[in-house]
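A.B. asks: Fold the following and give me the result.
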Amino acid sequence: MLAEKIENSIFTQYRESIWEPFLNALERYSLVEDGDRIAVCISGGKDSMLMAKLMELYKRQGSVDFDLVYLVMNPGYNEENYSRILENAKILNIPLTVFESNIFDVAYSSEKSPCYLCARMRRGHLYAKAKELNCNKIALGHHLSDVIETIALSMFYASQLQGMLPKLASTNFEGMELIRPLYCINEEDIISWCEYNGLEFIRCACRFTEQYHSADDDIGASKRQEVKYLIKELKKDYPGIEKSIFESLHNLELDTMIEYKQENEIINFLDRRNK
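C.D. replies: As a prediction, this is how the structure comes out:
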């Protein structure tokens, strides 16, 4: 059976690159705890689908007592993409809980930052539905490559040094947390896993991103795609660059920072020196 082959590949072929980094993230950042009820948020892409399978396998192990809901929001997918999501869930033996929204229509009508609006609305809807289903956490499929690209994007285009936390409390939904179980997994290994098992998942189903996927240079108009390409080029000469950037998040020397923000307070090195 294909489902059995897929599961076996996680424990054998991809044990070191996917399963062990997944377990490392759960343990290192205390992402899953006894008594949790977690909404695993599935967009239908490769990352969230792999995350769903990994969480299902982890629950099956029984080392932690927690519950899962595999949550799919349909923001207005076309029939082909929606059918692909349902078919892949069936292949992976993932029981879906689906709810509808009109997010794509609302985002399309926005002249400014439709992608930002879509992302914010998606997360809000997912939190609300998860809370309705008595969940205390939502799990999103951001991986190690997303973390690294976010750091570079914030430095290059926003003039700030900003990371992406593996776990954070919601500011709008009391008692809810967001976790990122793929935090230590490289995107290249996720792609390799998909290809090894012959799996095809949807990309972002939004019309605004079609130009990125069809661009001849693999970059298109996306700044994130530009950063992804830059890191790919740097890896040719420095294969360990991603690991180095990632570990730098755990080794920040605040005493060398000119200025940083903590809980909305700006702390300057002159202030620290004059204390």
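A.B. asks: and Ala52, what does it touch?
C.D. replies: 40, 42, 70, 89, 92, 94 (CB atoms under 8 Å, 6 or more residues apart in numbering). Glycine gets a C-beta too; all of them are placed from N, C-alpha and C.
A.B. asks: Dump those residues to CSV, plus distance to Thr12.
C.D. replies: Output for the contacts of Ala52, formatted as CSV (distance: CB to CB, whole Å):
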residue, distance to Thr12
Val40, 23
Ile42, 25
Tyr70, 24
Ala89, 23
Leu92, 17
Ile94, 21
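A.B. asks: Just the closest of those to Ile138, please.
C.D. replies: Nearest to Ile138 among the contacts of Ala52: Val40, at 8.0 Å, using CB to CB.
A.B. asks: My reading is that that closest one is in a helix; is that accurate?
C.D. replies: No - counting by DSSP: H, G, I helix; E, B strand; the rest coil, Val40 is not found in a helix; it is strand.
A.B. asks: Hmm, Met55 and it touching each other?
C.D. replies: Yes - Val40 is within contact range of Met55, at 5.3 Å (criterion: CB atoms under 8 Å).
A.B. asks: pLDDT wise, what is Ala119 at?
C.D. replies: At Ala119, the model reports a pLDDT of 72.
A.B. asks: Which neighbours do Val40 and Met55 have in common?
C.D. replies: Contact criterion CB under 8 Å, 6+ apart; residues shared by Val40 and Met55: 68, 139.
A.B. asks: More neighbours: which of the two?
C.D. replies: Val40 (29 against 23; other CB atoms under 10 Å).
A.B. asks: residues contacting the more buried one?
C.D. replies: 48, 51-52, 55, 68-71, 138-139.
A.B. asks: and if we set it to 6 Å?
C.D. replies: When contacts are counted by CB atoms under 6 Å, 6 or more residues apart in numbering, Val40 touches 52, 55, 68, 70, 139.
A.B. asks: ok, now how distant is the first one from Leu182?
C.D. replies: Spelled out, that is Ala52. 11 Å (CB to CB, to the nearest Å).
A.B. asks: same thing with the last one?
C.D. replies: Counting by CB to CB, the gap from Ala139 to Leu182 is 9 Å.
A.B. asks: Show me which of these two is the more surrounded one.
C.D. replies: Taking other CB under 10 Å, Ala139 and Leu182 do not tie; Ala139 has more neighbours (31 against 27).
A.B. asks: And the more buried one, its phi and psi?
C.D. replies: phi -110, psi 130 (degrees, to the nearest 10).
A.B. asks: hang on, it packs against Ile42?
C.D. replies: No - Ala139 is beyond contact range of Ile42, at 9.5 Å (criterion: CB atoms under 6 Å).
A.B. asks: hang on, the earlier thing: quick one: which of the contacts of Val40 is nearest to Gly35?
C.D. replies: Nearest to Gly35 among the contacts of Val40, with distances taken as CB to CB, is Leu68, at 13.0 Å.
A.B. asks: hang on, that closest one is in a helix, isn't it?
C.D. replies: No - counting by three-state DSSP, Leu68 falls outside a helix, being strand.
A.B. asks: List the contacts of it.
C.D. replies: Here Leu68 is in contact with 38, 40, 55, 59 (criterion: CB under 6 Å, 6+ apart).
A.B. asks: now, among these, which is nearest to Leu153?
C.D. replies: Val40 (26.0 Å).
A.B. asks: how close does the closest one sit to Leu270?
C.D. replies: In this view, Val40 and Leu270 are 46 Å apart by CB to CB.
A.B. asks: just Met164 next, same as before
C.D. replies: 29 Å.
A.B. asks: Asn268: what's its closest spatial neighbour, skipping adjacent residues?
C.D. replies: Nearest residue to Asn268, sequence neighbours excluded (CB to CB, 6 or more residues apart in numbering): Glu259, at 4.9 Å.
A.B. asks: May I have the phi/psi pair for the one you found?
C.D. replies: Dihedral angles for Glu259 - degrees, to the nearest 10 - are phi -160, psi 140.
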